[in-house]
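Asks: model this:
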Amino acid sequence: MVMVNDQGDKKVHSVGIILDGNRRWAKANGFPSLEGHRRGYEKLKDLGDWAEEAGVEYVTVYAFSTENWNRAKEEVSYLMDLFRILLKKDLPEFHKRGKRLRFIGDLSRLAPDLQEGIKKAEELTAKNTRGTLCACVSYGGRGEIVNATRKMIEKGMKPEEITEESFAKFLYASDIPDPELIIRTGGEMRLSNFLTWQSIYSEFFFPKKFWPEFEKEDFFAILEEFKTRKINHGK
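Replies: Below you'll find the predicted structure:
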């Protein structure tokens, strides 16, 4: 929900970001594609600080989709190792900065050590209050909806008990507000199965910059542009 203060400025609480263009950035700059992913991960570590400075409480990033499992084995393995770096080497720094970490998706497809690392990271940072960084890993929006439907059936819910509000409670992270805006870097203009349920009233921004070259100034410029957009929610 978009909040409006007494001055009429729209307050952004929740942002979704599709971290696109790592491989294209690497190719354009003469690097191996895996170096693009590494640079993209380094940029991600700054994102939480940008959001805190802007007053954005929740940032949900598309880190690894269900479709990404179909990429080359070497690339998938490298991306999984980047997650291991986050969960082992860089986790203390995120915790020190007061960031709460969440991971959503079909996590059962991840290696056992990654599943255990995610559990520990969420437990360690659960009470942190300087913003939530939610990583979509092995995630697909349609899959999330199917998973929620299965859980409702397993619970034995009656048809008359199923509403939009009750359904939303069975999503991966029902405590995270729907994003007021979604950014996809790299110039592509589609959601690619990202936050299918949650994005119905999101405003979309498609900057041409690849994710590794996206800067704080770009993030803040999008937040300012968002304030100029008229949002009626069907009224």
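
Asks: any idea how far residue 172 is from residue 81?
Replies: According to Cβ to Cβ, to the nearest Å, residue 172 and residue 81 sit 24 Å apart. Placement of C-beta: from N, CA and C, glycine included.

Asks: what's in contact with the helix or strand containing residue 95?
Replies: Taking DSSP states H and E as the definition, residue 95 sits inside helix 91-96. The contact list for helix 91-96 (Cβ atoms under 8 Å, 6 or more residues apart in numbering) reads 45, 48, 86, 101, 121, 124, 125, 128, 133.

Asks: now do the SS call for the last one.
Replies: At residue 133 the chain is in strand, as set by DSSP: H, G, I helix; E, B strand; the rest coil.

Asks: swap in the fourth one?
Replies: The three-state label for residue 101, taken from three-state DSSP, comes out as strand.

Asks: please apply the same query to the fifth one.
Replies: Secondary structure for residue 121, judged by three-state DSSP, is helix.

Asks: test my guess that it contacts residue 102.
Replies: No. Assessed by Cβ atoms under 8 Å, residue 121 is found out of contact with residue 102, at 9.0 Å.

Asks: is it correct that residue 137 is in contact with residue 105?
Replies: Yes. Counting by Cβ under 8 Å, residue 105 is a contact partner of residue 137 at 4.7 Å.

Asks: common neighbours of the two, please.
Replies: Joint contacts of residue 137 and residue 105 (Cβ under 8 Å, 6+ apart) are residue 64.

Asks: what sits against residue 50?
Replies: 216, 219, 220.

Asks: er, residue 165 I mean
Replies: With Cβ under 8 Å, 6+ apart, residue 165 has no contacts at all.

Asks: how near is it to residue 174?
Replies: Residue 165 is 10 Å from residue 174, by Cβ to Cβ.

Asks: tell me which helix or strand residue 53 sits in.
Replies: helix 33-54.

Asks: mind listing what's buried in that helix?
Replies: 33-41, 43-44, 47-48, 50-52, 54 (16 or more other Cβ atoms under 10 Å).

Asks: and if you look at stretch 126-146?
Replies: For stretch 126-146, the neighbour count (16+ other Cβ under 10 Å) marks 128, 131-141, 143-144 as buried.
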